[in-house]
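> next come a sequence and a model predicted from it.
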Amino acid sequence: MTPHNIQAPQDLQAAGFPAGVTEPEYRLWGEVDTDPAGVFRDIPEADRTYWDRARHFCLEEVRPAIDAHWNAATYPLDLARRLGELDLLRDGLEVEGYAPMSALAAGLVNMELSRGDGSVGTIAAVQAGLALRTIAACGSPEQIAHWGPRLATAEVLGAFALTEPTHGSDSVSLETRAVRVPGGYRISGEKKWIGNGSLGAAGIPALTVVWARDGGGAVRGFLVPQDSPGYVGTTIEGKLSLRAIWQAHIRMEDVFAPDTMVLPGANSFKDAAKVLVATRLGVAWSAVGHATACYETAVQYAAQRVQFGRPLAASQIVQERLARMRSELATMQLMAVQMTRLEAAGDLAHVQASLAKYTCTRTARRIASTARDLLGGNGILLENRVARHFADIEAIHTYEGTETVQALIIGRDITGISAFAG
């Protein structure tokens, strides 16, 4: 049976497409049942409003533009600003003057943005989940009042600089230094893979949360405008994932951070880790979004692509693959919703956030691989969606803690023995 709103191959031929000569234009953004377990059936209206807003944004504004940005590796500043205009940049955080946004609404927005495109989803995750969250959790009342609304509206774009060229998974060993001087600190060091970290070089107002060690060895957090003297953010080129968000290699030499830009609540690596715990759940939601896009594309393509005289969807092996993808998608959805309920109740444990990211990104990889294979040669074309999501999942599988790091966190909880080196 052809799913609703999917054009069957015989309809395309009746419309004038010669069989075997002109390949039809596949319609892969239509509506497909992506909630097989009814996980989202009773979503509160306030949460659904945010979700619908993100959905319409992706269909009406991201869809027409994203392939060009992804292909050319250009930053979609207009889309980033629209995220702020649509109030999709808060990740459930309280900002004065804004209506409440639940943890579930934040997850649904994260999911939907990644369903539209991984780079757009990551722009929101960096802006809200990392930069804004750090300021909300560790900033002074004055810092929160000043920077919160500016980040929420994308008047200023935000970055979170923790990872260094030689410290990724072991970011706890970061070496960037902050030396106390009269009136503030002088920061020197390098950071790498910092989303939004090079926007200042393009003249875009941007702020970077920088993590560095002070003279006593404690990890501290600082707010550094990207136009600060001594701050150089260079966009990393040659990426095969998340090509429409600029990730930077940052070099800082004696960058001055006045006392007003020191985060009073960021005094140890544990403070940075608290932010990462919350964002790991966000990455799980992002994985659900990518997997949803791959699944719905595969369903629609299977109904429209004709081989051996019949649509792919009529083949047993194809139906088995679609059934497997649907099962895996439902598993991810249930995991994300349950962990979000725990987060909303204040009961989400560190290891549970790791379990959510570990499970969802691994499962999204399998769904994307199956979808790409099902689309055959057409699966590597940007216009057919899956290739872009396939590549972007590789990035989310790594950031905010690699699969190995998450496995070690989970393994330590299972056995009571730490297997981390050092």
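Structure's in. What do you need?

> helices along the stretch 101-250 of the chain, start to end?
Under the criterion DSSP state H, counting those that start in this stretch, the stretch 101-250 of the chain contains helices at 103-116, 118-124, 133-138, 141-152.

> with mean neighbour count, mean pLDDT and distance to residue 288 as extra columns, can I get these in JSON lines?
Every C-beta, even on glycine, is put in place using the N, C-alpha and C of the backbone. Formatted as JSON lines, the helices of the stretch 101-250 of the chain follow (neighbours: other Cβ atoms under 10 Å; pLDDT from 0 to 100; distance: least, Cβ to Cβ, whole Å):
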{"stretch": "helix 103-116", "mean neighbour count": "27", "mean pLDDT": "97", "distance to residue 288": "5"}
{"stretch": "helix 118-124", "mean neighbour count": "29", "mean pLDDT": "97", "distance to residue 288": "11"}
{"stretch": "helix 133-138", "mean neighbour count": "23", "mean pLDDT": "96", "distance to residue 288": "20"}
{"stretch": "helix 141-152", "mean neighbour count": "18", "mean pLDDT": "97", "distance to residue 288": "24"}
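
> quick one, which of those helices is nearest to residue 40?
helix 103-116 (7.8 Å; Cβ to Cβ).

> kindly reformat the helices of the stretch 101-250 of the chain as a markdown table containing distance to residue 373.
Output for these, formatted as a markdown table (distance: least, Cβ to Cβ, whole Å):
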| stretch | distance to residue 373 |
| --- | --- |
| helix 103-116 | 20 |
| helix 118-124 | 20 |
| helix 133-138 | 37 |
| helix 141-152 | 40 |
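
> of those, which is nearest residue 303?
The stretch from the helices of the stretch 101-250 of the chain with the least distance to residue 303 (Cβ to Cβ) is helix 103-116; that distance is 19.4 Å.

> ok so, going back, among the helices of the stretch 101-250 of the chain, which is nearest residue 296?
helix 103-116 (8.4 Å).

> hey, C-alpha coordinates of that closest one in PDB?
Extracted in PDB, the C-alpha atoms of helix 103-116 (Å, rounded to 0.1, in the frame of the first residue of the first chain):
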ATOM      1  CA  ALA A 103      12.600  20.300  28.900                       C
ATOM      2  CA  LEU A 104      10.400  18.300  26.500                       C
ATOM      3  CA  ALA A 105       9.700  21.300  24.300                       C
ATOM      4  CA  ALA A 106      13.500  21.900  24.100                       C
ATOM      5  CA  GLY A 107      14.100  18.300  23.200                       C
ATOM      6  CA  LEU A 108      11.400  18.400  20.500                       C
ATOM      7  CA  VAL A 109      12.900  21.600  19.000                       C
ATOM      8  CA  ASN A 110      16.300  20.000  19.000                       C
ATOM      9  CA  MET A 111      15.000  16.900  17.300                       C
ATOM     10  CA  GLU A 112      13.100  18.900  14.700                       C
ATOM     11  CA  LEU A 113      16.000  21.200  13.800                       C
ATOM     12  CA  SER A 114      18.300  18.200  13.300                       C
ATOM     13  CA  ARG A 115      15.600  16.500  11.300                       C
ATOM     14  CA  GLY A 116      15.800  19.500   9.000                       C
END
